[in-house]
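Asks: what's the 3D shape of this:
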Amino acid sequence: MLIRQLQYLTALARERHFARAAAASNVTQPTLSAGIKQIEETLGVLVVERGHRFVGFTAEGERVLAWAQRVVADYEGLTQELGGLREGMTGQLKIGVIPVALPLVHWLTEPFAEAHPRTTIQVLSYTSQEIQRGLDAFDLDAGVTYLDNEPLSRVRTFPLYKERYVLVTPAGTDLDTRKNVTWEEAAGLPLGLLTGDMQNRRILDMHFREAGQVVRPVFETNSPFALLQHLTTTRWSTVLPHTYLAVMGQLDGLTTLPLVEPSAQHEVGLVVAEREPLQPLARALRAVAALPEVRLKLERDIGFDRP
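Replies: Model (predicted):
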């Protein structure tokens, strides 16, 4: 089998469609189908379940796919390694980032781009579960997600910062003069929160339960930016990580208060697939994350401490 034929198979796994997989591979659909057929003939097993359209992989095909993904990733890592020795790092760095960490990811991507100008960067907003799947399938080079709550498996971790939480609520209430607010008090407000498939929401629900409360939000979304937009036009409140204070700036008509009782915090960090050797792009990103100036920017409490 040729590497190219294995690449056809991994493209089909990503696209779940023969024509789209062929387009992504820059070949015709008959060429892609013939390449996958040759894999089947070489191994003597049926890999793809076929109908009028793509149906899925056979049980044997799933095992073949897992090996193909590993071989293709190793081959791409080898070409990156050799290219880096000749003319500097090349290729596309793909990072899956949980939505609540998006405000700080530029502290990683900017110095990475400066250090490796021949590369490109793709930042994708993913849930922590999607990051796990992306790393397992070698579709992602790295992820930024929680490390100490629902931790991922089969990964190496590198702590970046501690996430803490603030209530964002309309100004003009008794809370304006407060320095903080309890989770129990926040639960009594009309809240907009992230959806339950977001780990951040599961973390918030846990801390509300610790305060003896079960919240039923009036509005849910999978986008923190949609939460912010609703805050500017409604009388609702929300709970956000302190990292979003940098994005919010000084929004008119809103008050932000640290949440206490409990004073919760959770570790957010960089994750890469547990394998040896590390992919060159993943290794280079970890090196950037370890720079003292980057760590200082990531660890500081952006707008969190109040006078």
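Asks: In the stretch 51-200 of the chain, what residue spans correspond to helices?
Replies: Secondary structure of the stretch 51-200 of the chain, counting by DSSP state H, counting those that start in this stretch: helices at 59-87, 106-115, 128-136, 183-187, 199-210.
Asks: Relative to Ala13, which of those helices is closest?
Replies: For Ala13, the closest of the helices of the stretch 51-200 of the chain is helix 59-87, at 5.5 Å, according to CB to CB. To be clear about C-beta, it is placed using only N, CA and C from the backbone, and glycine gets the same treatment.
Asks: what would the helices of the stretch 51-200 of the chain look like in CSV with mean neighbour count, mean pLDDT and distance to Thr233?
Replies: As requested, the helices of the stretch 51-200 of the chain are exported to CSV (neighbours: other CB atoms under 10 Å; pLDDT from 0 to 100; distance: least, CB to CB, whole Å):
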stretch, mean neighbour count, mean pLDDT, distance to Thr233
helix 59-87, 16, 84, 45
helix 106-115, 17, 95, 27
helix 128-136, 19, 94, 30
helix 183-187, 20, 96, 20
helix 199-210, 18, 96, 22
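Asks: Out of those, which gets nearest to Gly143?
Replies: Closest approach to Gly143 among the helices of the stretch 51-200 of the chain (CB to CB): helix 128-136, 3.7 Å.
Asks: any idea of the angle that closest one forms with helix 59-87?
Replies: 70 degrees (axes from the mean of the first three to the mean of the last three CA atoms, to 10 degrees).
Asks: now helix 128-136, how far from the centre of its chain.
Replies: With CA atoms, centre = their mean, to the nearest Å as the basis, helix 128-136 stands 8 Å off its chain's centre.
Asks: for stretch 238-247, same thing?
Replies: 17 Å.
Asks: Can you tell me what sits against stretch 285-295?
Replies: The contact list for stretch 285-295 (CB atoms under 8 Å, 6 or more residues apart in numbering) reads 93, 95, 107-108, 111-112, 115, 141-142, 158, 160, 270, 272, 278, 298.
Asks: Closest one to Leu124 out of those residues, please.
Replies: Ile95 (7.0 Å).
Asks: who's in contact with that closest one?
Replies: Ile95 makes contacts with 105, 108-109, 121-124, 140-144, 285, as judged by CB under 8 Å, 6+ apart.
Asks: Apply 10 Å and report the result again.
Replies: By CB atoms under 10 Å, 6 or more residues apart in numbering, the residues touching Ile95 are 105, 108-109, 112, 121-124, 126, 131, 134, 140-144, 270, 281-282, 285.
Asks: cool, and Leu278?
Replies: 77, 141-142, 156, 272, 284-286.
Asks: Select from the residues you listed every entry located in strands.
Replies: Residues of the contacts of Leu278 located in strands (DSSP state E): 142, 156, 272.
Asks: From Leu104, how far out is the residue nearest the centre of the chain?
Replies: Centroid-nearest residue in the chain, with CA atoms, centre = their mean: Val97, separated by 2.3 Å. Computed as CB to CB, to the nearest Å, the Val97 to Leu104 distance reads 9 Å.
Asks: Which neighbours do those two have in common?
Replies: Any residue near both Val97 and Leu104 by CB under 10 Å, 6+ apart counts here, and that gives 144, 268.
Asks: Could I have the ChimeraX command that selects the buried members from the contacts of Ile95?
Replies: Buried members of the contacts of Ile95, defined by 16 or more other CB atoms under 10 Å, are picked up in ChimeraX with:
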select :105,108,109,112,121,123,126,131,134,140,141,142,143,144,270,281,282,285
